[in-house]
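Colleague: with the input below, show me the fold.
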Amino acid sequence: MRDQFPAIRTRLSRLENGPPVGYPVQFRVSGDDIATVRSIADRVAATMRADSRTTNVQFDWDEPSERSVSFDVDQKKARELGVSSADVSSFLAMTLSGYTVTQYRERDKLISVDLRAPKSERVDPAKLMSLAMPTPNGPVPLATLGHLRNDLEYGVIWERDRQPTITVQSDVKAGAQGIDVTHGVDGALAEIRKSLPVGYRIEIGGSVEESAKGQTSINAQMPIMIIAVLVLLMIQLQSLSRVLMVVLTAPLGLIGVVLTLLLFGQPFGFVAMLGVIAMFGIIMRNSVILVDQIEQDIGAGHKRFDAIVGATVRRFRPITLTAAAAVLALIPLLRSNFFGPMATALMGGITSATVLTLFYLPALYAAWFRVRKDEREPPSSGSASGSGTGTGPALPSPAHTGN
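Modeller: Coordinates of the predicted model:
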């Protein structure tokens with residue numbers, strides 16, 4: 001297309017998933033004066049072109065391209081003839097556009113009757129100068145009151161917050177992420193921002209802005225989610241110490257998340273963050289299962305060290321099988337443009353956290369409650385679970401292996 005149609009500006013883009021963003025890299029320049037905004041936008045565009053990762057840098061509205069005809073009033077001659085600029089403007093408006101003098105009723109319809117010049121006098125700009133302009137001293141040719149001026153004007157003027165706004169936008173080359181390129185260009189615009197006149201600003205748009213909106217919606221519900229999770233864990237475990245222990249296992253999944261995202265070249269965006277939140281829940285569920293089994297074995301009379309080892313061995317199979325089922329079920333989503341980052345984050349996080357939890361949580365439990373291998377008698381339930389907290393009801397069968 002570039003070779004066969006060089007005079008046409010073209011852009012090829014894939015169908016977008018989620019809210020439409022358009023160009024991945026966008027910067028909005030806003031201010032009161034269009035010429036000043038255009039000058040600042042040119043500097044922003046030059047900075048974007050200097051980044052090797054950008055391509056097809058352009059504006060959302062271009063230079064003035066619409067032809068227009070303006071009439072400049074000679075104020076000295078107008079005063080001599082006793083007319084004002086408003087009189088000339090009203091005469092030209094009546095001649096070209098007309099104004100309603102009355103209405104004609106036809107049954108239930110009102111038809112406006114407009115007064116304006118004949119079409120032959122309105123179409124040709126050259127004939128406008130010969131029109132007779134009424135004055136207190138009699139009609140005079142319009143040419144005696146001024147002259148016509150040919151000019152160019154903007155066909156489209158985009159405004160944001162009631163200010164003219166030009167969006168400088170670009171695509172990114174293969175292998176680059178729009179968010180990374182936007183942050184890189186934003187850092188290069190620091191010097192331009194320092195020299196901006198009062199009332200003018202440069203704002204980030206595009207994928208970064210949409211990602212920030214999604215992140216804001218998550219942050220607004222995050223406190224409620226955290227409180228709900230802690231309440232449910234407290235109901236299940238009935239001990240603040242064990243709740244904190246379970247919560248401390250959740251960050252283990254971030255190790256696998258980072259490694260898999262780097263390995264598959266996936267961005268850590270809004271969808272991947274949803275996967276990380278879901279991964280935290282899966283990891284804490286496995287930890288609850290393991291801690292609960294340890295408490296059941298201790299309540300059944302086993303030594304604390306033996307209970308930790310035995311519960312870990314018995315829970316190894318159900319925990320790993322459920323984690324493997326979740327990871328394998330996510331494989332079809334890896335090739336999805338939208339769900340790929342989420343599936344990648346979940347697979348890496350669940351895999352690494354499952355393996356680490358089976359070693360980390362028993363060791364943490366033993367260190368937290370000071371469990372020693374040479375203990376002779378199993379301690380009471382109160383000493384096993386921390387200061388003043390119960391361990392929950394004891395089950396008679398320590399060999400329970402359900403998940």
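Colleague: let me see the contact set for the residue nearest to residue 247 when sequence neighbours are not counted.
Modeller: Nearest non-adjacent residue to residue 247, counting by CB to CB, 6 or more residues apart in numbering: residue 284, 6.8 Å away. (Each C-beta comes from the backbone N, C-alpha and C, glycine too.) Neighbouring residues of residue 284 by CB atoms under 8 Å, 6 or more residues apart in numbering: 229, 233, 246, 247, 249, 250.
Colleague: one more time with 10 Å, if that's ok
Modeller: Residue 284 makes contacts with 229, 232, 233, 243, 246, 247, 248, 249, 250, 253, 353, 357, as judged by CB atoms under 10 Å, 6 or more residues apart in numbering.
Colleague: so the second one sits against residue 247, correct?
Modeller: Read it as residue 232. No. Residue 232 is beyond contact range of residue 247, at 11.8 Å (criterion: CB atoms under 10 Å).
Colleague: which one of these two has more residues nearby?
Modeller: Legend: neighbour count by other CB atoms under 10 Å for residue 232 and residue 247, higher for residue 247 (17 against 13).
Colleague: the more buried one reaches residue 291, doesn't it?
Modeller: No. Contact criterion CB under 10 Å: residue 247 and residue 291 do not qualify, at 11.4 Å.
Colleague: common neighbours of these two, please.
Modeller: residue 233.
Colleague: please pull out the lowest mean pLDDT helix or strand from this structure.
Modeller: None of the helices or strands of the chain scores lower by mean pLDDT, DSSP states H and E than helix 381-384, at a mean of 42.
Colleague: residue 129: neighbour count?
Modeller: The burial count for residue 129: 15, using other CB under 10 Å.
Colleague: let me fix that, I meant to ask about residue 293.
Modeller: Neighbour tally, residue 293, other CB under 10 Å: 22.
Colleague: give me the secondary structure label for it.
Modeller: helix (DSSP: H, G, I helix; E, B strand; the rest coil).
Colleague: chain neighbours aside, what residue packs nearest to it?
Modeller: residue 311 (3.9 Å).
Colleague: try residue 233
Modeller: In space, residue 233 is closest to residue 243, 4.6 Å off (CB to CB, 6+ apart).
Colleague: what's the following helix or strand after the helix or strand harbouring that neighbour?
Modeller: Here residue 243 sits within helix 240-249, counting by DSSP states H and E. Next helix or strand after helix 240-249 toward the C-terminus (DSSP H and E): helix 253-264.
Colleague: which stretches in the stretch 101-250 of the chain count as strands?
Modeller: 109-115, 132-133, 140-141, 146-153, 159-160, 163-172, 201-205 (DSSP state E, counting those that start in this stretch).
Colleague: pairing partners for the second one, with directions?
Modeller: Put plainly, it is strand 132-133. Counting by DSSP bridges, the strands paired with strand 132-133 are strand 140-141 (antiparallel).
Colleague: how far out from the middle of the chain is the partner strand?
Modeller: The chain centre lies 61 Å from the centre of strand 140-141; the measure is CA atoms, centre = their mean, to the nearest Å.
Colleague: report the contact partners of the residue nearest to residue 293.
Modeller: Here residue 311 is in contact with 289-298, 302, 362, 365, 398 (CB under 10 Å, 6+ apart).
Colleague: neighbours of residue 103, just the number please.
Modeller: For residue 103, using other CB under 10 Å, the count is 10.
Colleague: run through the bridge partners of it.
Modeller: Here residue 103, judged by DSSP bridges, has bridge partners residue 112.
Colleague: just the helices in this structure please.
Modeller: Ranges of helices in the chain, per DSSP state H, are 34-50, 75-81, 85-96, 119-123, 178-188, 190-194, 206-237, 240-249, 253-264, 270-299, 304-329, 340-368, 381-384.
Colleague: will you turn those helices into JSON lines that also has distance to residue 22?
Modeller: Formatted as JSON lines, the helices of the chain follow (distance: least, CB to CB, whole Å):
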{"stretch": "helix 34-50", "distance to residue 22": "15"}
{"stretch": "helix 75-81", "distance to residue 22": "47"}
{"stretch": "helix 85-96", "distance to residue 22": "38"}
{"stretch": "helix 119-123", "distance to residue 22": "40"}
{"stretch": "helix 178-188", "distance to residue 22": "11"}
{"stretch": "helix 190-194", "distance to residue 22": "23"}
{"stretch": "helix 206-237", "distance to residue 22": "7"}
{"stretch": "helix 240-249", "distance to residue 22": "41"}
{"stretch": "helix 253-264", "distance to residue 22": "25"}
{"stretch": "helix 270-299", "distance to residue 22": "17"}
{"stretch": "helix 304-329", "distance to residue 22": "34"}
{"stretch": "helix 340-368", "distance to residue 22": "20"}
{"stretch": "helix 381-384", "distance to residue 22": "60"}
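Colleague: would you mind telling me which of those is nearest residue 375?
Modeller: The closest of these to residue 375 is helix 304-329. By CB to CB, the value is 6.2 Å.
Colleague: tilt between the closest one and helix 270-299?
Modeller: 150 degrees (axes from the mean of the first three to the mean of the last three CA atoms, to 10 degrees).
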